[in-house]
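1. got a predicted model here, sequence first, then my questions.
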Amino acid sequence: MADSSGAAVNMPRILVFSTINISDPGIDLAGSQHLEYPASVQTMPVPCSSGLKPSWLIHALESGFDGVFIASDGEECAYLNDCAERTSAIIARAQAMMTERGIPASRLKMAAVCSVCSESFANYMREFAASLEKMRADSSAA
Amino acid sequence: MSEAPVFACSDGTQNDMIDDIKAKHLDGLVVASCSPKLHQVTFRNVAKRADMNQYAYTQVNVREQDSWAHPHDHMGATEKAIGLVRAGVAKSRLSDPLEALVVQTEPRTLIIGGGIAGLRAAIGLADVGIEVVLVEREDELGGWVATLGATFPHDVSGKEEIAGLVAQIKTRRDITVYTRAELTGKSGSFGNYDVQITLHRTDGDKLFEVRVGSIIVATGFDSYQPDDGEFGFGIDGVVTLPDFKKLVDSSTGALSYNGRKVRSIAYIYCVGSRQEAGGNEYCSKFCCTATIHASLQVGKLDPSIRQFHLYRDIRAYGSYELLYNDSRDGGSTYMKYAGDDAPSVAKMPSGGLAVTVTDLLTDRRELTLPVDLVVLVTGMVPRESKSLVDVLKLPLGTDGFFNEIHPKLRPVETVVDGVLIAGCCQSPRTVGESVAAGLAAVAQSAALLKKGFAELDPLVARIDPDKCTGSGECLTSCPYECITTIEWDGRKVAMVDPATCKGCGGCVPACGQDAIDLLGYTDAQMRSAIEELIGTVEPVKEPVA
């Protein structure tokens, strides 16, 4: 993990869309437990991942985020029984738009994060940051 | 303007905020501190007290999601905080001046289900001055608990407990009970639901309507019924836990089954629970302790009966572990089996039963136990509730039980405003936990109804009629049927009912015309916040230590 020299400044920028009732408390818990992940991860809570517009995901990537991660409710969504299917469909639409724009689909990820999934979330962020960093390095080398 | 108080939530700082908002005529508030789960209500009230629109306030979480998560990256955490605050400012700047939806509330609650959670909730509501209409599908009140003798942990009789509650209810004029009755319709919205009750009578069904402010669903559970052959189910002498409990409760001297004296019992735990994907993957929580308690009852009836407990994990949590200790001290033998190597049950030629188990506690030895009775420790399964789901639009979890908003933070609330859940319709639990949930639903219901009015969050979907082409794409996206089609300016457009919209935003991406916005998360707010998050910030000279 980066020290106070600010090494995380050069880490890939990741935008996380969390859900207010389920995944955002899980992300809070990661902080409460001091489970460190890159400070280049920023979170925007929304009520439900089924309400995300694909165009917002594209906007984030085109605005400078290296990756977008949707921390969905999975099967636990209190609003919609088919939330996981809806969110997957949104991801699929967004990835199709990304392909049209020449953006690698792997820059967009989704996983269910529950309200106590703090360790999973921290791991997801470390792994996603590492894969984006590798992608960046491969791109520079090419 | 910006301030950096040490404790943003302290009374003094709140008052300073109010003074500043009023003095400088501020029209937006961003508080960058802890998680909104802790103080969103606090700061919304600050905005209200300062005569500012409370929905122009945005909470930015720079503690749990920033400083606490990045304690060794001061520069990174500081830059992250700057981005988060800028995004918060963007959201507040673009917020709509919204007003909470104020609805008058009927001081009456409908309770569906007359088990222990529903009965206790009815008495609790009447105690705080809220009228109750209770409907029970069966002929009698009491549910499962009314069938039980001594219950854990204190040997209180379930029958007597229910009889006591029913006697209390009979003396309460503000509780009306209908047995052989069901909820068959609902109209209206939060605070004023017109519910249709159907009474099933010998001379035909009778329907009537009553207006209620809230609804508590306490419909209970069903017991898992094993398939034929599952752990020997179907063989004479192989019984489920509920049947065994009835046998024990009805025994006064020696324990007998079908006229045969019982000298030995094998209990097989986790039957129908913690199954592989596709089955009941959950743990029913109550069954370990219920079985241990029943075996202690057996020990009191006849201490010479040999008892073998074949378990995967004993989950006698909290003080229930004392019962587990008592059981072992009383001579019960515990054997642990692996989830992928379940015991088998067979009929012996002599007429008795043979239970074969590979015991993990004795170096995986395969043991065959000759016993007179096998008890399959069955858990809970969700009760069939399709008609109720259709009427109330309540979401079910993947396990088939009703879904609360959050099991810890909002444990009896559902996404349907004013509809609460309590007891085992929500998830497997003990009698004590069911009563606690019933009382939690009482507190929640009283908080909603006692004032005579309630405020609903106005962060609901809104359709721009100028953009809407009336394609109808959004209509099917809402399972709560909040979107309808209306005539507007000579053409058909979609419209959202703000009183019934749940604010999930599920309809937003369904619109091909981008005509739907979720208030508080509008397209303009989301795009602007994204831009501010990523915005290049000036170098920070002195990172916050």
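-> Received it, and whenever you're ready, just let me know what you need. Remember, it's a predicted structure, so these values are computed and weren't measured experimentally. Residues are numbered from 1 along each chain as shown, chains lettered A, B, ... in the order given.
2. who does the residue nearest to B:Ala346 when sequence neighbours are not counted bridge with?
-> Spatial nearest neighbour of B:Ala346, excluding adjacent residues (C-beta to C-beta, 6 or more residues apart in numbering or on different chains): B:Ala354 at 5.0 Å. The C-beta positions use only the backbone N, C-alpha and C, and glycine is treated the same way. Legend: beta-bridge partners of B:Ala354 under DSSP bridges are B:Ala346, B:Pro370.
3. ok, B:Arg108 touching B:Ile216?
-> No: contact criterion C-beta atoms under 8 Å: B:Arg108 and B:Ile216 do not qualify, at 11.7 Å.
4. neighbour count winner among these two?
-> A count of neighbours by other C-beta atoms under 10 Å in any protein chain shown puts B:Ile216 above the other of B:Arg108 and B:Ile216, at 30 against 19.
5. hmm, B:Leu420 and the more buried one touching each other?
-> Yes: counting by C-beta under 8 Å, B:Leu420 is a contact partner of B:Ile216 at 4.9 Å.
6. need the overlap of contacts for those two.
-> The contact sets of B:Ile216 and B:Leu420 overlap at B:Ala441, B:Ser445 (C-beta atoms under 8 Å, 6 or more residues apart in numbering or on different chains).
7. got phi/psi on the residue nearest the centre of chain B?
-> Central residue of chain B (C-alpha atoms, centre = their mean): B:Glu404, 3.5 Å from the mean position. The phi and psi values for B:Glu404, taken as degrees, to the nearest 10, are phi -80, psi 170.
8. next: the one 5 residues further on.
-> The phi and psi torsions at B:Leu409 (degrees, to the nearest 10) take the values phi -80, psi -30.
9. the residue nearest to the centre of chain B touches B:Arg410, doesn't it?
-> Yes: checked against C-beta under 8 Å, the pair B:Glu404 and B:Arg410 is within contact range at 6.5 Å.
10. show me which helix runs longest in chain A.
-> The single longest helix within chain A, with elements called by DSSP state H, is helix A:118-141.
11. identify each buried residue in that helix, please.
-> A:Ser118, A:Ser120, A:Phe121, A:Ala122, A:Tyr124, A:Met125, A:Arg126, A:Phe128, A:Ala129, A:Ser131, A:Leu132, A:Met135 (16 or more other C-beta atoms under 10 Å in any protein chain shown).
12. got the contact list for the second one?
-> What that stands for is A:Ser120. Applying C-beta under 8 Å, 6+ apart to A:Ser120 gives the contacts A:Gly26, A:Ala111, A:Val113.
13. can you tell me how far it is from A:Ser50?
-> 21 Å (C-beta to C-beta, to the nearest Å).
14. contacting residues for the nearest residue to B:Lys502 once chain neighbours are set aside?
-> Of all residues not flanking B:Lys502 in the chain, B:Val415 sits nearest, at 4.8 Å (C-beta to C-beta, 6+ apart). B:Val415 makes contacts with A:Ala78, A:Tyr79, B:Pro395, B:Asn403, B:Ile405, B:Lys502, B:Cys504, as judged by C-beta under 8 Å, 6+ apart.
15. at the geometric centre of chain A, which residue do we find?
-> A:Phe69 (1.5 Å).
16. three-state assignment of that one?
-> strand (DSSP: H, G, I helix; E, B strand; the rest coil).
17. look up the pLDDT of whichever residue of chain B sits closest to chain A for me, please.
-> Per C-beta to the nearest C-beta, B:Gly505 is where chain B lies closest to chain A, at 2.3 Å. Looking at B:Gly505, its pLDDT is 96.
18. and for it, the neighbour number?
-> 28.
19. B:Ala47 now?
-> Around B:Ala47 there are 21 residues (other C-beta under 10 Å).
20. contact partners for it?
-> B:Ala47 neighbours (C-beta under 8 Å, 6+ apart): B:Ile21, B:Leu29, B:Asn53, B:Gln54, B:Ala56, B:Tyr57.
21. quick revisit: my read: the residue nearest to B:Ala346 touches B:Leu367, true?
-> No: B:Ala354 lies out of contact with B:Leu367 (C-beta under 8 Å); the separation is 10.4 Å.
22. more crowded one of these two?
-> B:Ala354 (18 against 14).
23. now do stretch B:391-403: distance to the chain's middle.
-> 9 Å (C-alpha atoms, centre = their mean, to the nearest Å).
24. and that stretch, end to end?
-> Using C-alpha to C-alpha, to the nearest Å, the end-to-end distance of stretch B:391-403 comes to 16 Å.
25. what sits up against that stretch?
-> Residues outside stretch B:391-403 that contact it (C-beta under 8 Å, 6+ apart) are A:75-81, B:183-186, B:215, B:217, B:280-282, B:381-382, B:385, B:388-389, B:414-416, B:419, B:421, B:424-428, B:479-481.
26. need the three-state assignment for B:Phe7.
-> Under three-state DSSP, B:Phe7 comes out as coil.
27. list the contacts for it?
-> By C-beta under 8 Å, 6+ apart, the contact set of B:Phe7 is B:Thr13.
28. for it, phi and psi?
-> phi -120, psi 100.
29. what pLDDT does it get?
-> So, for B:Phe7, pLDDT stands at 88.
30. then B:Thr202?
-> What the model reports as pLDDT for B:Thr202 is 95.
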